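1. here is a sequence with its predicted model. Questions after.
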Amino acid sequence: MSAAANAQYSLNNFELRDGIYFPSDYAQLNETKHKQTWDRIGKTYYGSQKIEKVTEASPIKQDYTLLGGRPGGTWDKFPQNKSVDSILELGCGYGRAPLHLSIDKNLRCQKYYGIDISEPLLRRLVKVKQEYNFFPDAEFNLICNSAEILPLADNSIDLVISNCVFMHIPDAQLRNLMAEIARVLKPGGIFVFNHSFHNKDCPSHLVHNFIRNINVFSKNPVYLKQYSAAEIDEMLATAGMKAKCPQYTVEPTKEYAIFPEIIKAIPVPFAKSINRSLKPSSDAERAKLAYGFSAYSTHLE
């Protein structure tokens with residue numbers, strides 16, 4: 001590998017400030033609309049000021065779930081007491097998933113890499129790490145950047161995780177990212193993409209898409225492409241994931257929806273109760289009504 005390629009796939013061209021790695025072209029990245037959107041969201045995401053404002057005696061100090069609840073889905077299947085050398089998290093946010101995995105599942109690692117484009121969320125993650133000390137023995141590497149090229153060496157990561165992120169990434173960029181994940185994942189490595197893809201056949205999304213297409217001048221840039229299970233499988237296979245992790249599953253989430261619960265920040269009457277009452281009885285119904293899909297290594301252990 002050339003010196004230029006080695007530099008590209010490392011943190012050598014990043015500057016460490018306040019516990020976060022920033023790329024050399026960070027000023028240019030700050031000019032992009034995508035970064036500005038997520039910096040704005042990150043300032044208030046899941047009550048970002050909770051850690052900063054609570055007193056030492058607050059219950060939040062004893063129960064991290066008061067920050068944003070326990071993530072469910074595929075994380076419920078994750079084994080207890082697992083230990084790996086290295087973890088990469090894409091779209092790590094303020095650390096909700098690793099908090100759960102470290103504290104509730106007793107997952108341990110030697111190196112943790114968390115990538116997110118939102119600087120406010122990463123700064124909050126630094127505070128969350130200080131408060132709860134998840135992955136207590138790990139070398140911590142927080143990277144503020146888009147995830148188009150991962151600054152990590154080939155075959156260097158044991159476990160890649162992501163929670164509710166990929167639906168926010170444009171299709172072409174997501175496909176490039178999947179190829180990057182396949183590049184850095186060790187042969188036989190593990191991945192968990194929990195609730196990471198929106199379901200293109202979900203009636204709720206179809207209604208939302210219709211409304212978005214009517215209002216062409218005010219489309220939400222955060223929610224982008226939706227996929228079928230077959231399209232997700234094809235994306236993973238094309239990226240080279242089967243070569244690194246031959247056995248994986250793409251499955252519908254257990255959240256179902258016929259109606260959007262919110263349209264243009266306005267709650268839809270009865271939509272939440274109707275959606276919660278849905279109990280599809282077949283695989284075909286589940287695949288149609290599911291809000292999204294997860295993809296994960298079939299044998300997590």
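-> Looks like it came in fine. Numbers count the residues shown, from 1 in each chain.

2. which one is I115 nearest to, not counting chain neighbours?
-> I143 (4.6 Å; CB to CB, 6 or more residues apart in numbering). No exception for glycine: its C-beta is placed from N, CA and C like everyone else's.

3. equivalent analysis for M167, please.
-> Using CB to CB, 6+ apart and skipping residues adjacent in sequence, the residue nearest M167 is H198, 4.4 Å away.

4. helix, strand or coil for the one you found?
-> Following DSSP: H, G, I helix; E, B strand; the rest coil, H198 is assigned to strand.

5. ramachandran angles for the residue nearest to I115?
-> Backbone torsions for I143, taken as degrees, to the nearest 10, come to phi -130, psi 120.

6. re earlier: who's in contact with the residue nearest to M167?
-> Residues in contact with H198, defined by CB atoms under 8 Å, 6 or more residues apart in numbering, are M167, H205, Y223, K225, Q226, Y227, Y291, G292.

7. the second one is in contact with N199, isn't it?
-> Spelled out, that is H205. Yes: the pair H205 / N199 is scored as a contact, 6.5 Å apart, by CB atoms under 8 Å.

8. check K219 and give its pLDDT.
-> pLDDT, K219: 59.

9. show me the helices in the stretch 101-250 of the chain, by range?
-> All helices of the stretch 101-250 of the chain, identified by DSSP state H, counting those that start in this stretch, fall at 119-132, 171-184, 203-214, 229-239, 241-244.

10. winner for burial among the ones you listed?
-> helix 119-132 (a mean of 20; mean count of other CB atoms under 10 Å).

11. is it true that E139 touches G114?
-> No: assessed by CB under 8 Å, E139 is found out of contact with G114, at 11.8 Å.

12. who touches both of H205 and N199?
-> What both H205 and N199 touch, as defined by CB under 8 Å, 6+ apart, is the set Q226, Y291.

13. looking at the helices of the stretch 101-250 of the chain, which is closest to E89?
-> helix 119-132 (10.0 Å; CB to CB).

14. show me the contacts for S24.
-> S24 sits next to N13, F14, E15 when contact means CB under 8 Å, 6+ apart.

15. nearest to Q36, of the contacts of H198?
-> Comparing the contacts of H198 against Q36 with CB to CB places Y223 closest, at 16.8 Å.

16. which residues does the residue nearest to I115 contact?
-> For I143, the contacting residues are L11, F14, I20, Y21, Y113, G114, I115, D116, P151, by CB under 8 Å, 6+ apart.

17. are any of these buried, and which?
-> F14, I20, Y21, Y113, G114, I115, D116, P151 (16 or more other CB atoms under 10 Å).

18. could you look up the SS state of S86?
-> Here S86 is recorded as strand under three-state DSSP.

19. so it makes contact with G114?
-> No: counting by CB under 8 Å, S86 stays clear of G114, with 11.9 Å between them.

20. picking up where we left off before, beta-bridge partners for the residue nearest to I115, please?
-> Listed by DSSP bridges, the beta-bridge partners for I143 are Y21, I115.

21. where's it relative to E251, distance?
-> According to CB to CB, to the nearest Å, I143 and E251 sit 29 Å apart.

22. so where's the protein uncertain?
-> Applying pLDDT under 70 to the chain flags the ranges 1-7, 215-223, 301.

23. now do the strands in it.
-> Along the chain, counting by DSSP state E, strands occupy 14-17, 20-23, 83-90, 108-116, 139-144, 157-163, 185-198, 248-252, 262-263, 266-267, 292-297.
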